[in-house]
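Chemist: Below are the sequence and a predicted model; questions follow.
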Amino acid sequence: MRALLNTALAALLAATTLLAGCERPPVDTVQRGYRGTGMELVYNPRTAVIVAESNQAPPVTEAASPDGPKAGQIYKNLQLLGHLSIGEFTRQMAAITAWIAPQEGCNYCHNPENLGDDSKYTKVVARRMIQMTQHINADWKPHVAATGVTCYTCHRGKAVPANVWFAPEPPRANANFIGDKAGQNTPLKVVGLSSLPYDPFGPYLLGAQTIGVGGATALPSDHVASIVHTEQTYGLMMHLSNSLGVNCTYCHNTRNFKEWDGAPPQRTTAWHGIRMTRDLNNQYIVPLTAAFPAARLGPTGDVAKVNCATCHQGVYKPLYGAPMAKDYPALLAPAAPSDGLPPPVAEARRSVLYFGVDTPVLEGEQAKGLDLLVATMATDRQAKARISGYHSAAGNVEHNHELAKQRAFTVRDAMLAAGVPEARVILAKPAQTAANLSGEDPEARRVEVVIEK
Ligand code: HEC
Ligand code: HEC
Ligand code: HEC
Ligand code: HEC
């Protein structure tokens, strides 16, 4: 009897779980293709209202006067926005604050003692994000058209966008006889709680694995189709549909998913979207990994990355296609030389990292300083780093020289590991200084890095 009851309960539970994926009627449909082709968009008017509310563009502040002195003539550390008038620059900073850190304000990125200082990682990241936004608007028009994006498109008033992805932890090896599940049966929201592979992003939005379920040739020669690839493709397609709040028919004539003929033009836009997202992750987001504190990284130590939902957030065009970018010309494209950008500040920046007694390893705050330096080098494509190691006077001279060299190597290796080309990392003989003569001096155990343009 008890067993029977348990079975009944389990069945009831299973049924509720299955139905939880369905939506309560009534749902509406909109015809999107020739009649009889079944190309209809199904939507739920109740969830549509909620999605619409959270996808309104914020108010645009009035444009500032382009006249007067340029920001770069007043402020000393502008690498991107120096060509704006003071008025435009201030308006842009205010907008960025409202988009990223409305509660924390300017100090979320700035050291209030010195706004030109780059010691907060958020400022280093924000500078690279400005470049990324300019790149999206200038070079990815086949996807974003004239609508474009601003920081708000992804951030919506939050420092970390609501939709980002990390590489999942690989599932634990099975002690029983199930063997390799090929990533299956680990139901996650990103694949619609289905049994599709648990990582639909890595292969396509970071890697460039071919998307497809069938071969291009009659015989199995050079095609990629396999059960694993097919399931991964469907996992990605679930994400595409969810991110845009649409059905498969928004992009496909479902008579034949592979066929481009008869597919709506949105599929072409989506094709560019996949390439754009991959480009953003590889060129901008991943190289910033070292800049982020550990608390911002995923279970495998990777940075939070972009997918379709980062911008779209459940609607077919982010913010229903509100053309926000045109009101912020600084974000439309990088400054051209003709914009009167003052030449970059000629004076080199100097950073010093301090080491413990008799060690070439950086710890605590100093290790964080190294990460920031590495991120600055990885993102500033012209900069060269000139690295010199020093030691204190206490102890054996020979050993100390070696130690100073090892300290310089620590910094150099971190830069090379972050992908900075060797030609931009220069080891320089340290200048002899007085500090080297006065015993165990914490100021002496250091590496000096001069960043030159
Ligand atoms: C999300 C990060 C972020 C926030 C918030 C922010 N800024 Fe900035 N700020 C930057 C970045 C990045 C730069 C450097 C831009 C460049 O290199 O062209 C900068 C540069 C500046 C500079 C130039 C400093 C110098 O000496 O070179 C000033 C002044 C400034 N910001 C003021 C403000 C004010 C005022 C606020 C608040 C209303 C603010 N910022 C909020 C990221 C931010
Ligand atoms: C395509 C989407 C996208 C756009 C556009 C975008 N960002 Fe980001 N941003 C991200 C992602 C993804 C992260 C990584 C999340 C994290 O911090 O872990 C991030 C992180 C940041 C951070 C670090 C926040 C923190 O607390 O860790 C700052 C600051 C930032 N962005 C500023 C900006 C600024 C300023 C702009 C506009 C010039 C901008 N972003 C545009 C996607 C975007
Ligand atoms: C936002 C547009 C969009 C949506 C929604 C979408 N797809 Fe796709 N789909 C594409 C694009 C673009 C490609 C081609 C990708 C490429 O080659 O880079 C594709 C490729 C495919 C393929 C591979 C065909 C081949 O060449 O073998 C299949 C299968 C597929 N989609 C199924 C689906 C299913 C099922 C859904 C609904 C769950 C769906 N798609 C939703 C845009 C979309
Ligand atoms: C950097 C932000 C951003 C990311 C990331 C992004 N999109 Fe878009 N997408 C946009 C913008 C902005 C538009 C509006 C362009 C316009 O007005 O025509 C758009 C438009 C589209 C459209 C056309 C909608 C229509 O009805 O015409 C499709 C389809 C689309 N995106 C699919 C995708 C897919 C799939 C991905 C992920 C692979 C993706 N997008 C990632 C910003 C983004």
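Modeler: All right, it came through fine. Ligands and ions are numbered 1, 2, ... in the order given.
Chemist: Give the buried residues for the helix ranked longest in the chain.
Modeler: Determined from DSSP state H, the single longest helix within the chain is helix 397-417. Under the neighbour-count criterion of 16 or more other Cβ atoms under 10 Å, helix 397-417 has 400, 403-404, 407-412, 414-415 buried. (C-beta placed from N, C-alpha, C; glycine too.)
Chemist: helix or strand right after the helix or strand of the chain with the lowest mean pLDDT?
Modeler: Among the helical and strand segments of the chain, the one scoring lowest on mean pLDDT, DSSP states H and E is helix 2-20, with a mean of 53. Going down the chain from helix 2-20, the next helix or strand is strand 28-31, by DSSP states H and E.
Chemist: for that next one, the distance to its chain's centre please.
Modeler: 35 Å (Cα atoms, centre = their mean, to the nearest Å).
Chemist: what comes into contact with it?
Modeler: 39-45 (Cβ atoms under 8 Å, 6 or more residues apart in numbering).
Chemist: if we go to 10 Å?
Modeler: Residues from elsewhere that reach strand 28-31, judged by Cβ atoms under 10 Å, 6 or more residues apart in numbering: 37-45, 48, 247, 249.
Chemist: So which of these wins on neighbours?
Modeler: Neighbour tally across these (other Cβ atoms under 10 Å): the maximum, 22 neighbours, falls on M39.
Chemist: Leaving out chain neighbours, which residue sits closest to G148?
Modeler: Excluding the flanking residues, the one nearest G148 by Cβ to Cβ, 6 or more residues apart in numbering is A325, at 2.9 Å.
Chemist: Now do that neighbour, the pLDDT please.
Modeler: For A325, the model assigns a pLDDT of 94.
Chemist: In this structure it contacts A95, no?
Modeler: No - in this structure A325 lies outside contact range of A95 using Cβ atoms under 10 Å: 11.5 Å.
Chemist: related to what we said a few turns ago, and which of the contacts of strand 28-31 is nearest V228?
Modeler: The shortest gap between V228 and any of the contacts of strand 28-31 belongs to N247, at 25.0 Å (Cβ to Cβ).
Chemist: Which of the contacts of strand 28-31 fall in strands?
Modeler: Those of the contacts of strand 28-31 mapping onto strands are 40-43, per DSSP state E.
Chemist: out of these, who's nearest ligand 3?
Modeler: Closest approach between the ones in strands among the contacts of strand 28-31 and ligand 3, by Cβ to the nearest ligand atom: L41, at 10.1 Å.
Chemist: JSON lines for the buried residues of helix 397-417, including pLDDT and distance to G389?
Modeler: Output for the buried residues of helix 397-417, formatted as JSON lines (pLDDT from 0 to 100; distance: Cβ to Cβ, whole Å):
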{"residue": "N400", "pLDDT": "86", "distance to G389": "10"}
{"residue": "L403", "pLDDT": "89", "distance to G389": "8"}
{"residue": "A404", "pLDDT": "89", "distance to G389": "4"}
{"residue": "R407", "pLDDT": "91", "distance to G389": "4"}
{"residue": "A408", "pLDDT": "91", "distance to G389": "3"}
{"residue": "F409", "pLDDT": "92", "distance to G389": "8"}
{"residue": "T410", "pLDDT": "91", "distance to G389": "8"}
{"residue": "V411", "pLDDT": "89", "distance to G389": "8"}
{"residue": "R412", "pLDDT": "91", "distance to G389": "9"}
{"residue": "A414", "pLDDT": "87", "distance to G389": "13"}
{"residue": "M415", "pLDDT": "85", "distance to G389": "14"}
